[in-house]
Structures are given as structure tokens and as C-alpha cells.
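Visitor: Give the three-dimensional model of this entry:
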Amino acid sequence: MKKIVGSALGAVVVLGVLSTAGAWYTGQQLPAVLETSIKQANEDMGKTLPALGLSATIELVSLERQLFSSNARYRIQFAGSLDGESPSNFEWFVTDHIEHGPFPLSRLQALKLLPVMATSNYALERGPELEKWFASSQGGAPLQGQVSLGYDRSMSGNLRVQPLQMALDEQTQIDFSGLQIDFDSSANVEAISANGVMDSFKVTSTLSTDESMRLEFKGLDLTSNSRKGVSDFYLGQNEVRLQQIELQVGENAPILFKDFVQRDETSEADQQLSARYSYDIGMVSYQGTDIGSSQMLWTVKNLDAAALKSMIELYGTLLQSGKVDTESGMPELTDAQTAQFKTDLEKLLAGKPGLALEKLAFKTANGESSFSFGLDLDKPVSFDLPAPELAKQLIAQLDAKLLVSKAMIADVIGVQATLAGETDKEAIAQQAAMVGEMASGMAVASELAVVQGQDISSSLHYANDQVTFNGKQMTVEQFVALAMSSGGGLAGMAPETPAEEMLLEESEAQSPIQ
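Guide: Below is the predicted model:
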């Protein structure tokens, strides 16, 4: 027994010595580690923030070293404006209690036993510009968190935004439940993963009509997994989920958007970037009635990474210098900047980039309507060509398709009637069917769409100066003439138009809903 106790005490002593030696080593290395980390953070912000019209720098103001811990203070200086109209300069101070490794006390208390170089416990410092934010947050510093730095320079930690209730102005009030984000990153932030949760965020505002407006987001979950690619862009997947978005104006019943999901994915191959962006709404409801679900999917492809990076940096420089018109968003370029932009644009177009709205759909109980659009670009021989010839060379291919389900039209008409207080289901069904047939008749009469079974559809394909419209081949000039004549005829349709007059008379005579 004495041997066992002696061995245990010896292990504790050895561990204590190693911990003390590790803490002393960390204290010696800390200034250099902080300097390197701050330099890297400033470089990263210098690459990304200018594209938003902002700049920020971090500075170590003070560092007090002790054996087992140190206290640091940082200054973060901001310049620029997110809205492009109200440039401002301000600064925040952050206090940081740094526990030296290899076994910081806070990690041992949380049963995290792997050794680390240091653990940072940071918090936003109170100041005159932040007094309102601090007063509205009843949990101490409104922004705080913890980060552990590994011996391989990897990091893991969290960021916490405390709950707050705050009046932005006389008309607008914010009620926020708080947000926590947990993250991990490899050395030099080459790869990042993060997870975040928020219960609710509510904005209440008084409109100019003296009506109130309430917008509330509930049940937020976010995940992110990304890494730096060869081009220095972050690649990977991000996802944001919301259980419900609620919008209410005045005393009207709120509109509910349930199960909202936003995803994006960025990839890189052969120095070209591609991306997908999807937005899904599981259900739209009003007055307790489910109306339908919605989906939108965008894709971009073949973006030359170097050219895109150069264009983003140029635009960021112009934003910071106030050389972008706040109303039109158009930049004011010098001759040298114009030449640079032209070179980047030519390189970007040489890669044959493409943009597509692959799907914009709305689905009800019995039908789904959708629209898709795709545009592939190419590099023209010259940008000095006449506009028609330039457009012809710029557009390598264009595709568009519209599909409207008559069953979906009937569902929507039925929901409208139900919300209006109608209770005769048979009468509602008859009215919905007649509206669907009327839409079909107008589509055929306009020559801009065709009827295929229970769907009204229209398709367009353009390539090599030729158009295929609803299966018929024609020249661009012929298509423009058809669109103008058909569109004008559709817009000018009046009850005296025989086809529509017949439909309207039939509808009015047979409709049981008045």
C-alpha cells in the first residue's frame, strides 16, 4: 500500500513539475505567439473586408505575464461603412485572461484533459460607444468566448453573444435570445468547422402608417465546414436552418415560413470556382392554412479564380476610397483601373462562366409550378463591337423554361376562397377549375405558351444566333417580333376579345361564388 501511495504522490509531483515547466515555457513563448496570430488575423481581414467597404486591424495594447496565466488587452479599429453612405471610424477594446498550458484550469474543470499551449478567455470591454449594448445585455459582456491554442497552432473554442433587449430607435425594438458558436480550426486557419444555435431573434417596428410590424426568427442551427483552396478562397459547405420565420403586419394574422433551409457549397478545379446556393421553405401558412412549399436553386460555374479575386480586390479598394456611387452602385474608375478591370473581365469570360437559376418552384397539395433559367457566357472578339454583335458573342447559350400546373392554380384559388370565408367545397372546386381553363386559353391565345396535359409550359433555347421557342426554330428577329406582337396582344386583351369574352361569360354564368 505504501508503495502504491508513494507512486501516486510521485506521479502528482511529476505532473505538477511538468505543468509548472509547461506554464513557464508558455509564458516565454506567448508574446511571439500573440504577435504571429495578430499579424495573420490582420492579413486575413485585409483580404476579405475591403470587398464589403470595411477595414479592421487588431493591435496588442498590453500584456502582463505571470507564471500560470497572463492578461492581455487588444484594440480593434474599424473604418468604412456597410451601407456605403455613412463612413465612420470606431474602436473596440477586448480583455483577455490567458491560462498557460499544458493543463489550463478551466479545461480540467470541463474534463478536457488533452494538453494545449494556452486557453484564452476573452470579453468585449465596456466603453462609451458600447454603453447602450452593455446596458441592454444583462449577462455581463455582450460578446465573449473562449479559445484554446494547441501546440500545432490549431484552435478550438466558442463565441457567445449574450441575450439582449434593445431599442434601436423610437420605432424599432430588438429582442434577442443570444447566440453561441462553437468552432475548430487547423493551423493558420487553413480549415474551419463551426456549429451555432439561437432560440429566437425578434424585431418589432412601427411603420409610417402607424401600424406595427413584427418579424421573428425561431430555432436557428448553423453548420460550416470549409478549407482554403489553391486560389485562397474558402471552399466547402455551409448550412443555415430555421424552424420558423414569422411575419405580422398590424392586426393581420401572421404569415409563417416553416422549416427554412439555406445551403451553399463552393468547389474548385483547375483554378476555376463553382458554387451551388439553395433555399428551401418547407411550408408557407396563413391563418392556420397550409398553402405550399417553395424551393430555389442557383449555380455558378467556371469562374476563373485569379480574375475573380483581382476584381473583388479592385471593387473593395473603390468602396473604401468612396469611388462607388451609392445609388447606382457603379464604380468610378481611373484609366489604369479600367484597363485592369478589362483584363480581368476578358480572363473571366475566357473560362466560359455560367449562371443558372436551376429551379424556382412552388408546390401545393396537388401540383407544382416552376421556372428555370441558364446563361453561358463567352469572350467576345472585342468589346468595341456594336451592341447587337457584342451581345451575340457574349451569350454562348441561353435556356429558359416555365411550367405552370393547373392543379396548383386550383389549389391556390381554393386557399384564397377558404381564407375569404367560403365553405362550399364543390363551388370552390368549380371556380378553381374554370380559372385554370381560363389561364390555359389565354396562354394559347397569346402564342407564348402551350398546354401539355395539365400543365401550361413555355421553353426557350438560344445558341449560335438561333432561337428554339416552344419547339419551333426561328431567327432572333422573328422571336422578338413574335414576343412583341403576342405580348402586346395579351396586355391589350379586353372583354371584347372573342376567346376571353366567351370564357368570362361562361365563368360568370356558371360560377356559384359571387
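
Visitor: quick one: buried residues of stretch 231-249?
Guide: Neighbour-count burial for stretch 231-249, counted by 16 or more other C-beta atoms under 10 Å, picks out 231, 233-236, 238, 240, 242, 244-246, 248. For every residue, glycine as well, the C-beta is placed using N, CA and C.

Visitor: In JSON lines: those residues, plus distance to residue 346 and secondary structure.
Guide: Compiled in JSON lines, the buried residues of stretch 231-249 are given as follows (distance: C-beta to C-beta, whole Å; DSSP: H, G, I helix; E, B strand; the rest coil):
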{"residue": "231", "distance to residue 346": "18", "secondary structure": "coil"}
{"residue": "233", "distance to residue 346": "21", "secondary structure": "coil"}
{"residue": "234", "distance to residue 346": "26", "secondary structure": "strand"}
{"residue": "235", "distance to residue 346": "25", "secondary structure": "strand"}
{"residue": "236", "distance to residue 346": "30", "secondary structure": "strand"}
{"residue": "238", "distance to residue 346": "31", "secondary structure": "strand"}
{"residue": "240", "distance to residue 346": "36", "secondary structure": "strand"}
{"residue": "242", "distance to residue 346": "41", "secondary structure": "strand"}
{"residue": "244", "distance to residue 346": "47", "secondary structure": "strand"}
{"residue": "245", "distance to residue 346": "42", "secondary structure": "strand"}
{"residue": "246", "distance to residue 346": "48", "secondary structure": "strand"}
{"residue": "248", "distance to residue 346": "50", "secondary structure": "strand"}
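
Visitor: Output the residues you listed in CSV, with distance to residue 403 and pLDDT appended to each entry.
Guide: Listed next are the buried residues of stretch 231-249 as CSV, based on distance: C-beta to C-beta, whole Å; pLDDT from 0 to 100:
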residue, distance to residue 403, pLDDT
231, 37, 89
233, 35, 91
234, 36, 93
235, 34, 96
236, 33, 97
238, 30, 97
240, 29, 97
242, 28, 97
244, 29, 97
245, 27, 97
246, 31, 97
248, 33, 93
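
Visitor: Flag the shaky bits of the stretch 101-250 of the chain, pLDDT-wise.
Guide: 139 (pLDDT under 70).

Visitor: Which stretches in it count as strands?
Guide: 118-124, 143-149, 155-161, 164-167, 172-176, 179-185, 191-206, 212-228, 234-249 (DSSP state E, counting those that start in this stretch).

Visitor: I'd like these laid out as TSV, including distance to residue 289.
Guide: Putting those into TSV (distance: least, C-beta to C-beta, whole Å) gives the following:
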stretch	distance to residue 289
strand 118-124	45
strand 143-149	41
strand 155-161	36
strand 164-167	33
strand 172-176	28
strand 179-185	32
strand 191-206	24
strand 212-228	20
strand 234-249	15
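
Visitor: Out of the ones you listed, the one nearest residue 351 is which?
Guide: Among the strands of the stretch 101-250 of the chain, the nearest to residue 351 by C-beta to C-beta is strand 234-249 (17.2 Å).

Visitor: Could I get the CA-only coordinates of that closest one as CSV?
Guide: Provided in CSV are the C-alpha atoms of strand 234-249 (Å, rounded to 0.1, in the frame of the first residue of the first chain):
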residue,chain,number,x,y,z
TYR,A,234,-12.6,29.1,-48.7
LEU,A,235,-14.2,26.0,-50.2
GLY,A,236,-16.8,23.7,-48.6
GLN,A,237,-20.3,23.6,-47.3
ASN,A,238,-22.4,25.8,-45.1
GLU,A,239,-26.0,25.3,-43.9
VAL,A,240,-28.4,27.5,-42.0
ARG,A,241,-31.7,26.1,-40.7
LEU,A,242,-34.6,28.0,-39.2
GLN,A,243,-37.6,26.2,-37.6
GLN,A,244,-39.9,29.2,-38.4
ILE,A,245,-39.9,32.7,-39.7
GLU,A,246,-43.0,34.7,-38.7
LEU,A,247,-44.1,38.0,-40.3
GLN,A,248,-47.0,40.0,-39.0
VAL,A,249,-48.2,43.5,-40.1
